[in-house]
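J.: sequence below, structure please.
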Amino acid sequence: MDIENFTRVHPIAYVHIAYAVVWGFHFGYALWIAIQWRKTPKV
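T.: As a prediction, the model looks like this:
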């Protein structure tokens, strides 16, 4: 499937992809912060 034709016919798909990428980075970053926080010794 041609991605350009797909996004041209369904512009909302591009928005969904953008949201998926943003949420993916956000969730991954939050998970990384949680792991780093748990690894640090409590003072």
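J.: what about the helix or strand encompassing residue 15, distance to the chain center?
T.: Per DSSP states H and E, residue 15 falls inside helix 11-39. Its chain's average C-alpha position is 3 Å from that of helix 11-39, according to C-alpha atoms, centre = their mean, to the nearest Å.
J.: so what does that helix touch, helix or strand wise?
T.: Helix 11-39 sits against helix 3-9, with contacts defined as 3 or more C-beta pairs under 8 Å, 6 or more residues apart in numbering; DSSP states H and E. Using the backbone N, CA and C atoms, a C-beta is placed for each residue, glycine as well.
J.: same question for the helix it packs on, mean pLDDT?
T.: Averaged over helix 3-9, pLDDT sits at 66.
J.: could you do stretch 28-43 as well?
T.: 87.
J.: restrict that stretch to CA atoms and write it as CSV.
T.: Taking Å, rounded to 0.1, in the frame of the first residue of the first chain, the C-alpha atoms of stretch 28-43 are listed here in CSV:
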residue,chain,number,x,y,z
GLY,A,28,8.3,5.1,27.4
TYR,A,29,9.8,8.1,29.1
ALA,A,30,7.5,7.8,32.1
LEU,A,31,8.4,4.1,32.4
TRP,A,32,12.1,4.9,32.2
ILE,A,33,11.8,7.6,34.9
ALA,A,34,10.0,5.1,37.1
ILE,A,35,12.7,2.5,36.7
GLN,A,36,15.5,5.1,37.4
TRP,A,37,13.6,6.3,40.5
ARG,A,38,13.2,2.7,41.8
LYS,A,39,16.9,2.0,41.2
THR,A,40,18.1,5.0,43.2
PRO,A,41,18.7,4.2,46.9
LYS,A,42,16.3,5.9,49.2
VAL,A,43,17.9,8.5,51.5
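J.: buried stuff in the helix holding residue 15?
T.: Judged by neighbour count using 16 or more other C-beta atoms under 10 Å, helix 11-39 contains no buried positions.
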